[in-house]
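Asks: Structure for this input, please:
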Amino acid sequence: GYDGLHQKGNTHPCNATFWKPRLSLVWAQHRSRTLSTVLHDGQAKASVAIVNCHLEGCPSASLKRVQQLQSALEGVRHAGSLQ
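Replies: Below is the predicted model:
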């Protein structure tokens, strides 16, 4: 089986992340188009950050897509400083 997290506050489209039970959820951030998670593997004593996204699709919105990713990655960076 798997553990998982479903993006809060979004009816469509919705992001979800699934992982093996040996990993544990350390941190999560729910945004309008991204779901960011940090998972920890106690056996390997290592963590991994995942940004699952459904970015703006309009061809002329490339700057908006970059900003969406920058915001998500900034959140992951901040989460790393909390550990």
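Asks: Disregarding residues adjacent in the polypeptide, which is nearest to residue 47?
Replies: Counting by CB to CB, 6 or more residues apart in numbering, residue 47 lies nearest to residue 40, which is 4.7 Å off, once chain neighbours are set aside. C-betas here are computed from N, CA, C, even on glycine.
Asks: which residues does that neighbour contact?
Replies: 23, 24, 26, 46, 47 (CB atoms under 8 Å, 6 or more residues apart in numbering).
Asks: sec struct for the third one, please.
Replies: Using DSSP: H, G, I helix; E, B strand; the rest coil, the secondary structure recorded for residue 26 is strand.
Asks: which residue packs closest to it, ignoring adjacent ones?
Replies: Using CB to CB, 6+ apart, the closest residue to residue 26 is residue 38 (4.5 Å).
Asks: give me the element the one you found is part of.
Replies: Element membership of residue 38, judged by DSSP states H and E, is strand 34-41.
Asks: State the mean pLDDT of that strand.
Replies: For strand 34-41, mean pLDDT is 95.
Asks: for stretch 50-66, same thing?
Replies: Stretch 50-66 comes out at a mean pLDDT of 89.
Asks: neighbouring strands for the strand holding residue 38, and are they parallel or not?
Replies: The pairing partners recorded for strand 34-41 under DSSP bridges are strand 23-30 (antiparallel), strand 46-53 (antiparallel).
Asks: and the residue nearest to residue 47, bridged to which residues?
Replies: Beta-bridge partners, per DSSP bridges, of residue 40: residue 24, residue 47.
Asks: how far away is it from residue 26?
Replies: Note on residue 40: its distance to residue 26, by CB to CB, to the nearest Å, is 5 Å.
Asks: which residues are common contacts for the two?
Replies: Common contacts of residue 40 and residue 26 (CB under 8 Å, 6+ apart): residue 47.
Asks: Could you identify which of the contacts of residue 40 has the most neighbours?
Replies: residue 23 (19 neighbours; other CB atoms under 10 Å).
Asks: Grab the nearest non-local neighbour of it.
Replies: Using CB to CB, 6+ apart and skipping the chain neighbours, the partner closest in space to residue 23 is residue 39 (4.3 Å).
Asks: Appreciated, that's everything.
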